[in-house]
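A.B. asks: turn this into a model:
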Amino acid sequence: MDKILLVEDDPALIRMLSTFLTEEGFQICAVNGQTWANEAMNSNAFDLTLIDISLAEGNGFAVCSAAKRKGIPVIFLTASTDEFSVVTGLDMGADDYISKPFRPRELISRIRSVLRRAGKRQSVVALGDLIIDTDKGTVLRNGQNLYLSALEYKLLLVFLLNRGQIISRDRLLEEIWDSAGDYVEDNTLTVYIKRLREKIEPDPQNPKYIHTVRGIGYRLGE
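C.D. replies: Numbering: from 1, shown residues only. Presented below is the predicted three-dimensional model:
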């Protein structure tokens, strides 16, 4: 199920779009300003963002920049029909825009079109100063290749696929135990988490990416 971040400050439009898009099979997270949008993107993985250019708190252009840094496709929802707003949004990397009022079916068509195009690029994922290329199997930090073992890389992929969610140790063991052809014990998992942090974290003692949720497991976030 594709997950969409809706950034809009009109309560009526939020309700309408949330209901309609949910019925169309999308998972919706709706926020009404720049601050909440940034927090949502830092703690969750989204497949696409729908952003109103004019927000009561912050502005849509800033949200667009943040989304593009994370590799998230952007569609602008705008009442502004002036050429400057449209060109500015596209120059910033927006994938499409649609002017209000719009027909819901047209929006769905635009969303699916952008998702199809983005699917060709989603092998490259940005996480803070990390760039993960799942096609090449590489992890870069500030342009430098981080050489992960097979199990470390598999572990990172599990976290990426569940970004922002708490993952129990038992589930991690189930996900990675056979990636190297051997059973991974609980103590070994602790070792691999430590090794992965040492490679991807700027300060492994104060993790920025892989957070421990005491008594439960771990969560990937920024």
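A.B. asks: how about the secondary structure of Ile28?
C.D. replies: Of the three states, Ile28 takes strand according to DSSP: H, G, I helix; E, B strand; the rest coil.
A.B. asks: run a quick neighbour tally on it.
C.D. replies: Ile28: 18 surrounding residues under other Cβ atoms under 10 Å. C-betas here are computed from N, CA, C, even on glycine.
A.B. asks: surely it touches Val7?
C.D. replies: No - the pair Ile28 / Val7 is not scored as a contact, 11.4 Å apart, by Cβ atoms under 8 Å.
A.B. asks: skipping its backbone neighbours, what lies nearest the spatially most central residue of the chain in space?
C.D. replies: The residue at the geometric middle of the chain, judged as the C-alpha nearest the mean C-alpha position with Cα atoms, centre = their mean, is Ala45 (2.8 Å). With Cβ to Cβ, 6 or more residues apart in numbering as the measure, Arg163 is the residue that lies nearest to Ala45, at 3.8 Å, once sequence neighbours are left out.
A.B. asks: so for the one you found, what's the pLDDT?
C.D. replies: At Arg163 the predicted local distance difference test score is 78.
A.B. asks: use 750 as the first number from now on
C.D. replies: Sounds good: first residue 750 from here, last item Arg912.
A.B. asks: report the secondary structure state of it.
C.D. replies: Following three-state DSSP, Arg912 is assigned to coil.
A.B. asks: contacting residues around it?
C.D. replies: When the contact criterion is Cβ atoms under 8 Å, 6 or more residues apart in numbering, the partners of Arg912 are Asn793, Ala794, Leu876, Leu969, Gly970.
A.B. asks: inside strands: which ones of those residues?
C.D. replies: The subset of the contacts of Arg912 located in strands under the criterion DSSP state E comprises Leu876, Leu969.
A.B. asks: buried stuff in the one helix or strand His960 maps to?
C.D. replies: When secondary structure is defined using DSSP states H and E, the element that contains His960 is strand 959-962. By neighbour count, with 16 or more other Cβ atoms under 10 Å as the criterion, the buried positions of strand 959-962 are Ile959.
A.B. asks: ok, stretch 781-790 next?
C.D. replies: Of the residues in stretch 781-790, those buried under the neighbour-count criterion (16+ other Cβ under 10 Å) are Asn781, Gly782, Gln783, Trp785, Ala786, Asn787, Ala789, Met790.
A.B. asks: quick check: which ranges of the protein have low pLDDT?
C.D. replies: Filtered on pLDDT under 70, the chain yields the residue ranges 750, 829-832, 868-872, 926-933, 971.
A.B. asks: how does it look with 50?
C.D. replies: Screening the chain residue by residue with the criterion pLDDT under 50, one finds the ranges 869-870, 928-930.
A.B. asks: against Ala805, how distant is the residue lying closest to Gly807 once chain neighbours are set aside?
C.D. replies: Spatial nearest neighbour of Gly807, excluding adjacent residues (Cβ to Cβ, 6+ apart): Gln783 at 2.3 Å. Summarising the geometry, the distance separating Gln783 from Ala805, computed by Cβ to Cβ, to the nearest Å, is 10 Å.
A.B. asks: what segments of this structure are helices?
C.D. replies: In the chain, the segments counted as helices under DSSP state H are 760-772, 783-792, 809-818, 832-840, 853-868, 899-910, 918-925, 935-949.
A.B. asks: ok, Ser862 touching Asp845?
C.D. replies: Yes - using Cβ under 8 Å, Ser862 makes contact with Asp845 at a distance of 7.4 Å.
A.B. asks: more crowded one of those two?
C.D. replies: Between Ser862 and Asp845, counted using other Cβ under 10 Å, Asp845 has the larger neighbour count: 17 against 13.
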